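Asker: All I have is the shape, not the residue letters:
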């Protein structure tokens, strides 16, 4: 039995109920379609309509193949949601739309399983993609062969090709005469995953380790098992009637206890949020202008509303998205957006920064002892406390001023002071961060 046949044969997909098969028209999903053609399947194709005639060509080859195989098909077409694109970015908005279509198609055709064509090379790319974003054990462990569908626990994903390499899939398609389409966007260097696939991995194989992929896959298996163990132990701790003291838990367990609770509350469990709750019990952090979360001494999370007097919010974070980002923090209302083209005029309450130097995330917080900041033109970094004193900022007001930092913690803006040197606009700047602020009016 070939490796390919073995993967399909040992797939956990049921034999006695319909399976939704996600088929894009690329080689991976077309091979998966042919492999499952003898089962009761419904093909689902989602046309994102992002590549014009090429997208229509993908849909056409899928429809023609399905007709030849005599299986059912459901086709969806994306009507781009400008609000979703502004909030999540184009790629993420398109992904969410595709997943929503698949979930709805599965429900309509009474399918409890969705088969997807991810393979071993996808795993390796995912490892580096997540590594460069600072993922933890669960993220670096990669995709599971069987998993719950996002936001839909009644639906499961199966990945029958996950143990196969891309070369094996291409070889099988050639041997069996399976038609497929090449997606030109897979070589577009604008996408990080493509740069990982086409630049980073070939470099690692050629100059560091010819078996890079195998080594990474081995590490992913080990990391995934370790992360699953900690996750199970954390869930058991939360379910226990008289658990061990939170402070006595290993830090990895503490983080997972917090992670489980954030998921249960429907809150995205970002690293910085988890670390704040892990290290600063009793100190609320802002989730939005109207909601905060804090951890008590027993390790339990509590969601609430901002209360500036009793529980001053220490920090909040923006993951910048296209369009205007807005937050009310401390005593200021702040709005910002990124864009190219000509820079507009700065003025009272309006500043401009180099968006690429600021990065994709902004942290808003208040002054902390030891903060250092280099205002434009000063020529050196100085203690922020001294800068406040020189600017004759009253002592109580120092702690009320809003500070904006990059995701790495570098201060680039302080309310009432000159902008920071590190993110100032320069001749080579191509993307601007337009920054607007005004004091919150007292009610």
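Answerer: That came through, no problem. Please read these numbers as outputs of a predicted model, since none were measured by experiment.
Asker: could you point out where the chain is predicted with low confidence?
Answerer: The model of the chain has pLDDT under 70 over residues 1-4, 6-8, 10, 82-89, 288-289, 306-314, 321-322, 340-347, 396, 440-443.
Asker: any idea which element the most far-flung residue of it relative to its centre lies in?
Answerer: Distance to the chain centre peaks in the chain at residue 392, reaching 42.3 Å (criterion: C-alpha atoms, centre = their mean). If you go by DSSP states H and E, residue 392 is not part of any helix or strand.
Asker: cool, the one 5 residues further on as well?
Answerer: Counting by DSSP H and E, the element that carries residue 397 is helix 395-398.
Asker: May I see the buried residues of that helix?
Answerer: For helix 395-398, the neighbour count (16 or more other C-beta atoms under 10 Å) marks residue 398 as buried. For glycine as for every other residue, the C-beta is placed from the backbone atoms N, C-alpha and C.
Asker: Which residues does that helix contact?
Answerer: 367, 385, 388 (C-beta atoms under 8 Å, 6 or more residues apart in numbering).
Asker: Return a PyMOL selection command for the buried portion of those residues.
Answerer: Remark: buried members of these, expressed as a PyMOL selection using 16+ other C-beta under 10 Å:
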select buried, resi 367+385+388
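Asker: Output the contacts of helix 395-398 as a markdown table; include the columns secondary structure.
Answerer: Formatted as a markdown table, the contacts of helix 395-398 follow (DSSP: H, G, I helix; E, B strand; the rest coil):
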| residue | secondary structure |
| --- | --- |
| 367 | coil |
| 385 | helix |
| 388 | helix |
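Asker: Give the next helix or strand downstream of the helix holding residue 397.
Answerer: Helices and strands here follow DSSP H and E; after helix 395-398, the next one along the chain is strand 403-406.
Asker: That following strand pairs with which strands, parallel or anti?
Answerer: Its sheet considered, strand 403-406 pairs with strand 361-365 (antiparallel), strand 411-414 (antiparallel) by DSSP bridges.
Asker: what does the last one rub up against?
Answerer: Residues outside strand 411-414 that contact it (C-beta under 8 Å, 6+ apart): 351, 353, 357-358, 371-373, 375, 384, 387, 401-406, 419-420, 422-423, 435.
Asker: run the last query once more with 10 Å
Answerer: By C-beta atoms under 10 Å, 6 or more residues apart in numbering, the residues outside strand 411-414 that reach it are 334, 336, 351, 353-354, 357-359, 362-365, 367, 371-375, 381, 384, 387-388, 391, 393, 401-406, 417, 419-424, 433, 435, 437.
Asker: For PyMOL, what selects the buried ones among those?
Answerer: The buried subset of the contacts of strand 411-414, as determined by 16+ other C-beta under 10 Å, is captured in PyMOL by this line:
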select buried, resi 334+336+351+353+354+357+358+362+363+364+365+367+371+373+374+375+381+384+387+388+393+401+402+403+404+405+406+417+419+420+421+422+423+424+433+435+437
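Asker: could you point out the longest helix in the protein?
Answerer: Counting by DSSP state H, the longest helix found in the chain is helix 212-239.
Asker: For that helix, buried residues please.
Answerer: When neighbours are counted by 16+ other C-beta under 10 Å, the buried residues of helix 212-239 are found to be 212, 213, 216, 217, 220, 223, 224, 227, 230, 231, 234, 237.
Asker: quick one, what contacts the second one?
Answerer: Applying C-beta under 10 Å, 6+ apart, we find residue 213 in contact with 120, 121, 123, 124, 125, 127, 165, 166, 201, 204, 205.
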